[in-house]
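Student: Pasting a predicted model and its sequence here:
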Amino acid sequence: MSQSTEFATNSNPNDDYLPSNLSLPTYIPLHYSLGSNFNKILQSGSRGNDLTPQALKQHINLVNQYIDHIISNDSLDFNENILNNYLKTYKNLIISKIKLSQIEKLSNETILKQYISPNLNLNLTNLDEYHQSVNPSVEEFISSKENELISSNYQINQFIKSDKLYQLLRSLTFIMKNPEDPVPDEDNDDDDAIGISGGKVSLKDPITLNQFVEPVITSCNHTFEKSSIQQQMLTHRYGPFECPISGCDSVLNSNSFKIDKLMKARVKAFNKMEKNKDDDLDLVN
């Protein structure tokens, strides 16, 4: 018997059915036994396991209590370090909330569904088919979504700009040293709407021209002294009336007002600065 005949006789017939490429493909589906665990991780936030919403709620309550306590006590002033810490923590919680919500959305992606529940489990008979797959690896897919969704600074910034408490905290940290200046990058660019005159924010009631003591802000974003706007309501027998600001056609009623915390903080910061100036002059004299 020749050497070539002997080799053919001893060869394994199963070798004819082996894939041409025995290396692991780039795209490998998750084993079916691990699919449910993978899904639980992706959807952990929606199933109540995420502590971010609870932490965010507690932080909001704490911040509001602090602001209201300082605002309601004339002898107290805001602490810059406390405000900055509240602001930083609040922003981080908002970012975490947005990122976690984006991660949850990944579970609805077709590629991940195929990864978790593949039509074909990987074996020798379909190894070549997986080698030819155009699907990215799960790592590549999640990384691409991280850039596209999770790390979307634009979405985070848009949310922050529309969040009233974040903007209030940010404004409070600024006006402590600049009580008469408009806050930079304010959402509302209409100077008239935020009471700016000559580049400064007026700290006086537009009706009486006296400095604010109990400022209230209207639904049309104009600020008045509480007693003077109440007099306006009394004049109209507490019925609807037009905003006293010239050129504003908004119709107001008793439900159109709320405490203007930012204006009250401005007046508090301004009076403190004026007092410090007087004290300095007394020391010089």
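Tutor: Done, it's in.
Student: Test my guess that residue 89 contacts residue 59.
Tutor: Yes: using C-beta atoms under 8 Å, residue 89 is in contact with residue 59, at 6.1 Å. Placement of C-beta: from N, CA and C, glycine included.
Student: and residue 165, how far is that from residue 253?
Tutor: Shown here: residue 165 relative to residue 253, a distance of 26 Å by C-beta to C-beta, to the nearest Å.
Student: Who has more neighbours out of those two?
Tutor: residue 165 (16 against 13; other C-beta atoms under 10 Å).
Student: Please point out which parts of the host helix or strand of that one sit buried.
Tutor: Assessed by DSSP states H and E, residue 165 sits inside helix 164-175. Of the residues in helix 164-175, those with enough neighbours to count as buried (16 or more other C-beta atoms under 10 Å) are 165-175.
Student: quick one: average pLDDT of stretch 159-176?
Tutor: Averaging pLDDT along stretch 159-176 yields 93.
Student: all strands for the protein, in order.
Tutor: If you assign secondary structure with DSSP state E, the strands in the chain sit at 196-197, 200-201, 215-218, 223-225, 241-242, 251-252, 257-259.
Student: Please convert the ones you listed to CSV, extending it with distance to residue 84, mean pLDDT and mean neighbour count.
Tutor: As requested, the strands of the chain are exported to CSV (distance: least, C-beta to C-beta, whole Å; pLDDT from 0 to 100; neighbours: other C-beta atoms under 10 Å):
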stretch, distance to residue 84, mean pLDDT, mean neighbour count
strand 196-197, 25, 48, 14
strand 200-201, 22, 92, 17
strand 215-218, 25, 96, 21
strand 223-225, 26, 96, 25
strand 241-242, 41, 90, 15
strand 251-252, 36, 92, 17
strand 257-259, 23, 94, 15
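Student: any idea how far the residue nearest to residue 210 when sequence neighbours are not counted is from residue 72?
Tutor: Sequence neighbours aside, residue 204 is the residue nearest to residue 210 in space, at 6.2 Å (criterion: C-beta to C-beta, 6 or more residues apart in numbering). Residue 204 sits 22 Å away from residue 72, taking C-beta to C-beta as the criterion.
Student: Tell me which of these two has more neighbours.
Tutor: Residue environment comparison for residue 204 versus residue 72 gives the larger neighbour count to residue 204, 16 against 10, counting by other C-beta under 10 Å.
Student: Where does the prediction get shaky in the stretch 101-250 of the chain?
Tutor: Within the stretch 101-250 of the chain, the ranges that satisfy pLDDT under 70 run 107, 112-120, 134, 137-138, 142, 145-152, 186-198.
Student: Would you map the helices across it?
Tutor: Assigned by DSSP state H, counting those that start in this stretch, the helices in the stretch 101-250 of the chain fall at 110-116, 127-131, 138-145, 153-162, 164-175, 226-235.
Student: what's the most buried one of the ones you listed?
Tutor: Highest mean neighbour count among the helices of the stretch 101-250 of the chain (mean count of other C-beta atoms under 10 Å): helix 164-175, with a mean of 18.
Student: for it, packing partners?
Tutor: helix 52-71, helix 80-106, helix 153-162, helix 261-284 (3 or more C-beta pairs under 8 Å, 6 or more residues apart in numbering; DSSP states H and E).
Student: quick one: contacts for residue 128?
Tutor: Counting by C-beta atoms under 8 Å, 6 or more residues apart in numbering, residue 128 makes contact with 19-21.
Student: What is the neighbour count of residue 101?
Tutor: Here the neighbour count serves as a burial measure; for residue 101 (other C-beta under 10 Å) it reads 16.
Student: Please report how far it lies from residue 108.
Tutor: Distance of residue 101 to residue 108, given as C-beta to C-beta: 12 Å.
Student: Any buried residues in stretch 264-279, and which?
Tutor: Within stretch 264-279, the residues that qualify as buried are 264-270, counting by 16+ other C-beta under 10 Å.
Student: average pLDDT across it?
Tutor: Looking at stretch 264-279 alone, the average pLDDT works out to 88.
Student: residues making contact with it?
Tutor: If you take C-beta under 8 Å, 6+ apart as the criterion, stretch 264-279 is touched by 70-71, 74, 77-78, 172, 175-177, 179-180, 201, 203, 211-215.
Student: ok, of the residues you listed, which come out buried?
Tutor: Neighbour-count burial (16+ other C-beta under 10 Å) applied to the contacts of stretch 264-279 gives 70-71, 78, 172, 175-176, 179, 201, 203, 212, 214-215.
Student: From start to finish, how long is stretch 67-80 in a straight line?
Tutor: Between the start and the finish of stretch 67-80 there is a gap of 12 Å, counting by C-alpha to C-alpha, to the nearest Å.
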